[in-house]
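1. Take this sequence and fold it.
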Amino acid sequence: MYEVLLMNASRNPADPVPGKKTVRLLLHTAFWMFFTVVFFISPPKPLSAAMFISWFSILTVVVLVVYVNLYVLIPSLYFRRKYVPYFLTLALVLVGGAYLITKISQLDFVILRMPFTDNLKNLFFFIVISGAFKLYRDHERKK
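-> Below is the predicted model:
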């Protein structure tokens, strides 16, 4: 379905699609907005400025870690078959991101308190899901 959104049936599939970056940006934004809505409705959380600031402070780190993996580590290490450096660097990025979220959650204005191990598990989840999608999409493009 993703490819259908990015391709015009009357065009040659090898030609670049006008607006492809816009569509990609909209899809990524929709994903993070969907995830934010899910966070606030299950279980319901109080809607307050402090909660939004806390959530977006932590979400910023999650997004940063995910996109470093998707647009830096995978293309520069994984796709070049440098698996050991990729996984070692990814481990450092995950631990660093989890540590940063832990430090952010200890700030006075942040009301979400998240332990390091939970942060590490959450980041790992996002890395696995987003990385699997990127690898699958790359595999399908090569067919």
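
2. CA only for contacts and neighbour counts going forward, please
-> Fine.

3. list the helices and strands the top helix by length along the chain packs on?
-> Within the chain, and with DSSP state H defining each element, the longest helix by residue count is helix 116-142. Using 3 or more Cα pairs under 8 Å, 6 or more residues apart in numbering; DSSP states H and E as the contact criterion, the secondary-structure elements in contact with helix 116-142 are helix 49-68, helix 83-105.

4. so which of these comes closest to I111?
-> Closest to I111 of the helices and strands packed on helix 116-142 is helix 49-68 (Cα to Cα; 6.1 Å).

5. Give the buried residues for the closest one.
-> Neighbour-count burial for helix 49-68 flags 51-52, 54-55, 57-59, 61-63, 65-67 (criterion: 16 or more other Cα atoms under 10 Å).

6. Kindly reformat those as JSON lines and extend each row with pLDDT.
-> As requested, the buried residues of helix 49-68 are arranged in JSON lines below (pLDDT from 0 to 100):
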{"residue": "M51", "pLDDT": "83"}
{"residue": "F52", "pLDDT": "83"}
{"residue": "S54", "pLDDT": "86"}
{"residue": "W55", "pLDDT": "86"}
{"residue": "S57", "pLDDT": "89"}
{"residue": "I58", "pLDDT": "90"}
{"residue": "L59", "pLDDT": "92"}
{"residue": "V61", "pLDDT": "95"}
{"residue": "V62", "pLDDT": "94"}
{"residue": "V63", "pLDDT": "95"}
{"residue": "V65", "pLDDT": "97"}
{"residue": "V66", "pLDDT": "96"}
{"residue": "Y67", "pLDDT": "95"}
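
7. about what we covered before: the helices and strands packed on helix 116-142 into JSON lines, with extra columns for distance to F40?
-> Output for these, formatted as JSON lines (distance: least, Cα to Cα, whole Å):
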{"stretch": "helix 49-68", "distance to F40": "9"}
{"stretch": "helix 83-105", "distance to F40": "17"}
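
8. These: which one's closest to F133?
-> Among the helices and strands packed on helix 116-142, helix 49-68 comes nearest to F133, with 11.9 Å by Cα to Cα.

9. ok and that closest one relative to helix 116-142, angle-wise?
-> For helix 49-68 and helix 116-142, the angle between their directions (axes from the mean of the first three to the mean of the last three Cα atoms, to 10 degrees) works out to 50 degrees.
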